[in-house]
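Participant: My questions concern the predicted model and sequence given below.
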Amino acid sequence: MNNNSDTLVTLTITSFIHQVEIAKTILSNHGIDSFIFDGNVTYTGLPSSEGYKLKVNAADFEKAKEILDEINSEDN
């Protein structure tokens with residue numbers, strides 16, 4: 001039986017690896033583990049990619065979102 005806190009959920013998707021690496025570092029500095037998944041390149045006539053996904057445990061999602069939202073608002 002899966003525990004909801006063990007479920008990984010997507011926090012953000014970006015086309016740029018450096019953005020997802022920065023977000024991962026910020027979350028790590030706040031004690032939140034995160035995991036990078038690269039979008040598999042698909043071929044449907046033209047190659048395309050879903051981008052890089054940063055995932056966190058479901059139990060950490062709200063806190064992680066707050067942290068990244070706060071960082072993003074400071075940059076604007």
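Facilitator: Ah, there it is.
Participant: Dead centre of this protein: give me the residue that sits there.
Facilitator: Residue closest to the average C-alpha location in the chain (C-alpha atoms, centre = their mean): L54, at 1.8 Å.
Participant: Name all residues that make contact with that one.
Facilitator: By C-beta atoms under 8 Å, 6 or more residues apart in numbering, the residues touching L54 are 10-14, 20, 23-24, 34-36. For glycine as for every other residue, the C-beta is placed from the backbone atoms N, C-alpha and C.
Participant: Dump those into TSV; add secondary structure, neighbour count and distance to D60 as well.
Facilitator: Shown next, in TSV, are these (DSSP: H, G, I helix; E, B strand; the rest coil; neighbours: other C-beta atoms under 10 Å; distance: C-beta to C-beta, whole Å):
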residue	secondary structure	neighbour count	distance to D60
T10	strand	11	13
L11	strand	22	9
T12	strand	17	13
I13	strand	15	17
T14	strand	16	19
V20	helix	22	16
A23	helix	23	13
K24	helix	19	13
S34	strand	20	8
F35	strand	12	11
I36	strand	13	15
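Participant: Run a quick check on L11 versus L68, I expect a contact.
Facilitator: Yes: under the criterion of C-beta atoms under 8 Å, L11 makes contact with L68 at 7.2 Å.
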